[in-house]
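[1] The following comprises the amino acid sequence and a computationally predicted model.
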Amino acid sequence: MLAELVLQSALTFLSREVPRWANENHCYSCHNNGDAARALYLARTRGHVVPNEALADTTAFLIAPAKWDDIHGAPAASDRKLGRIQFSAALAEAVRTGAVRDRTALLAAADSLARMQDPDGSWRVDTGGLPGAPATYGAPLATYLSRRTLETADPTRFAPQIARATTWLARARPASTLDAAAFLLADPKRRDCRDLLLRSQTSDGAWGPQPRTPAEVFDTAIVIMALGASDPAAARGRAWLVKMQERDGGWPETTRPSGSQSYAERISTTAWAVYALLESARR
């Protein structure tokens, strides 16, 4: 019951913030219209209240991929590659959940995304040498989400790119908690990543960017999804995530380094927390 109240409070927060960015800034952002919209699409299919006006403008934007390069919002504003990854993931979620039924736009977005794949099979994005953050992702999470988008768009048409991504995800080794979680999401049989995550859980039940570092909402959310709700460690993480929600329905932003203030990171952090709670409740 508590988790449901937490979710609805968070969805009310995101339903207000998703359209607000474009209304006030006359452009679209990776955090509001990418990550946050993706969480709202999923929530609606799980029976949660998401007003039509929360997603109408974003949906119209997402089905026009030619407009995606006109993005704003730090720190990802200058990274068009990351913007494509995030908007493509949101559009793929809209298609998976039935919010968008015509797949034409998703195929166009997937074509563009496929051309951005690196020769080794990954989608590399710059994190400044730090572990990925909610608005920078890092290569493992970016590659996992990009592969998922291509699988949703057309697994036959994009089979070569999917295969290269799968090979990279299987061979790469984690440099952070987030990396390990992304690799485990990509392949639930990655025992090395599962063991690392279980060893890295903090005493309060959550996860930080590295073993024995203070817990962060973003890292905890990704790990919960990777472990699955049946894992007792994930259940402890979920309880911590619920406890960390702020009064307005959002979550405190995860930043690299920790402790900074960022509207972009807060919206994306909240979106990932919501997505994790929704996904872990399903399993």
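    That came in fine, so what should we check first? Numbering: from 1, shown residues only.

[2] now the stretch 1-150 of the chain, which segments are flagged as low pLDDT?
    Residues of the stretch 1-150 of the chain meeting the criterion pLDDT under 70: 1-2, 70-78.

[3] Show me where it has its helices.
    2-25, 37-45, 52-62, 80-96, 104-115, 139-153 (DSSP state H, counting those that start in this stretch).

[4] How far off centre is the shortest one?
    What that stands for is helix 37-45. 12 Å (CA atoms, centre = their mean, to the nearest Å).

[5] Give the buried residues for that helix.
    Across helix 37-45, burial judged by 16 or more other CB atoms under 10 Å covers 37-44. All C-beta atoms are positioned from the backbone trio N, CA, C, and that covers glycine.

[6] One more: stretch 134-144?
    134-144.

[7] And those, which is closest to residue 257?
    Nearest to residue 257, judged by CB to CB, of those is residue 136 at 12.6 Å.

[8] you'd agree that closest one is up against residue 86?
    No. Assessed by CB atoms under 8 Å, residue 136 is found out of contact with residue 86, at 10.5 Å.

[9] count of residues packed around residue 13?
    Residues within reach of residue 13, counting by other CB atoms under 10 Å, total 20.

[10] Show the contacting residues for it.
    248-250, 270 (CB atoms under 8 Å, 6 or more residues apart in numbering).

[11] among those, which two are most distant?
    Pairwise distances across those peak at 9.7 Å for 248 and 270 (criterion: CB to CB).

[12] Of those two, which one has the most company?
    residue 270 (31 against 13).

[13] Now do the more buried one against residue 15, distance only.
    The gap separating residue 270 from residue 15 is 12 Å, by CB to CB, to the nearest Å.

[14] swap in residue 141?
    For residue 141 relative to residue 15 (CB to CB), the value is 25 Å.

[15] Repeat that for residue 217.
    19 Å.

[16] the more surrounded of those two?
    More neighbours surround residue 217 than the other of residue 217 and residue 15, with 26 against 22 (other CB under 10 Å).

[17] residues in contact with the more buried one?
    Residue 217 neighbours (CB under 8 Å, 6+ apart): 241, 244, 251-254, 269, 272-273.

[18] for the nearest residue to it once chain neighbours are set aside, phi and psi?
    Nearest non-adjacent residue to residue 217, counting by CB to CB, 6 or more residues apart in numbering: residue 251, 4.7 Å away. The phi/psi pair for residue 251 (degrees, to the nearest 10) reads phi -120, psi 150.

[19] Only alpha carbons, please: show stretch 189-202 as PDB.
    Written as PDB, here are the backbone C-alpha positions of stretch 189-202 (Å, rounded to 0.1, in the frame of the first residue of the first chain):
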ATOM      1  CA  LYS A 189      23.100 -15.100 -16.300                       C
ATOM      2  CA  ARG A 190      26.100 -12.800 -15.600                       C
ATOM      3  CA  ARG A 191      27.000 -14.300 -12.300                       C
ATOM      4  CA  ASP A 192      30.100 -12.100 -11.900                       C
ATOM      5  CA  CYS A 193      27.900  -9.000 -12.000                       C
ATOM      6  CA  ARG A 194      25.300 -10.400  -9.700                       C
ATOM      7  CA  ASP A 195      27.900 -11.400  -7.100                       C
ATOM      8  CA  LEU A 196      29.500  -7.900  -7.300                       C
ATOM      9  CA  LEU A 197      26.100  -6.300  -6.700                       C
ATOM     10  CA  LEU A 198      25.300  -8.400  -3.700                       C
ATOM     11  CA  ARG A 199      28.800  -7.700  -2.200                       C
ATOM     12  CA  SER A 200      28.300  -4.000  -2.800                       C
ATOM     13  CA  GLN A 201      25.000  -3.500  -1.000                       C
ATOM     14  CA  THR A 202      25.300  -0.900   1.800                       C
END
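
[20] In that stretch, which residues have enough neighbours to count as buried?
    The neighbour-count check on stretch 189-202 (16+ other CB under 10 Å) flags 190, 193-194, 196-197, 200-202 as buried.
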